[in-house]
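Q: Just a sequence and a predicted model for now, questions to come.
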Amino acid sequence: METAAGRDGAAQAGQGEVFDFDVAVKPVLEVLIGTTVDQALLELVVEDELAYRWEQQCVYIDWQNTELVERLEEQERRYREEKILR
């Protein structure tokens, strides 16, 4: 051991003893990035499905309303005809 300005022989690491951050972190990052991308794609698919279902629901409601209006108009027409006949 030397002074504070010198080197401490016991603190030196040999080849292969130092943690190689890039090598150790790369597999973890690949999994995190892959999982994040998969989750993002899944969210897009779900959003598209919800938008499609909402659109189909609106079309169905419009169709129902049109049918209801037609039935009510027909009922009103029959009511007027019966009223005239009486």
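A: Cool, the structure landed.
Q: For residue 59, see how far away the residue nearest the centre of the chain is.
A: The geometric centre of the chain, computed from its C-alpha atoms, lies nearest to residue 43 (CA atoms, centre = their mean), at 1.6 Å. Separation of residue 43 from residue 59 (CB to CB, to the nearest Å) stands at 25 Å. For the C-beta atoms, the positions are set from N, CA and C on the backbone; glycine is no exception.
Q: which helices and strands sit right next to the helix or strand hosting residue 54?
A: Assessed by DSSP states H and E, residue 54 sits inside helix 21-85. Contacts defined by 3 or more CB pairs under 8 Å, 6 or more residues apart in numbering; DSSP states H and E place helix 21-85 against no helix or strand at all.
Q: What's the mean pLDDT across that helix?
A: Regarding helix 21-85, the rounded mean pLDDT is 96.
Q: now it, how far from the centre of its chain.
A: 14 Å (CA atoms, centre = their mean, to the nearest Å).
Q: and residue 57, how many neighbours?
A: For residue 57, the count of nearby residues is 10 (other CB atoms under 10 Å).
Q: Can you give me the distance of it to residue 64?
A: Using CB to CB, residue 57 is found at 10 Å from residue 64.
Q: same deal with residue 80?
A: Relative to residue 64, residue 80 is positioned 25 Å away (CB to CB).
Q: again, but for residue 27
A: Relative to residue 64, residue 27 is positioned 55 Å away (CB to CB).
Q: Equivalent analysis for residue 23, please.
A: 63 Å.
Q: before we move on, what about residue 50?
A: 21 Å.
Q: and residue 77, how many residues sit next to it?
A: Look at residue 77: counted by other CB under 10 Å, it has 10 neighbours.
Q: tell me the contacts of it?
A: Residues in contact with residue 77 (CB atoms under 8 Å, 6 or more residues apart in numbering): none are found.
Q: which element is residue 17 on?
A: Short version, using DSSP H and E: residue 17 is in no helix or strand.
Q: cool, and residue 19?
A: Using DSSP H and E, residue 19 sits within no helix or strand.
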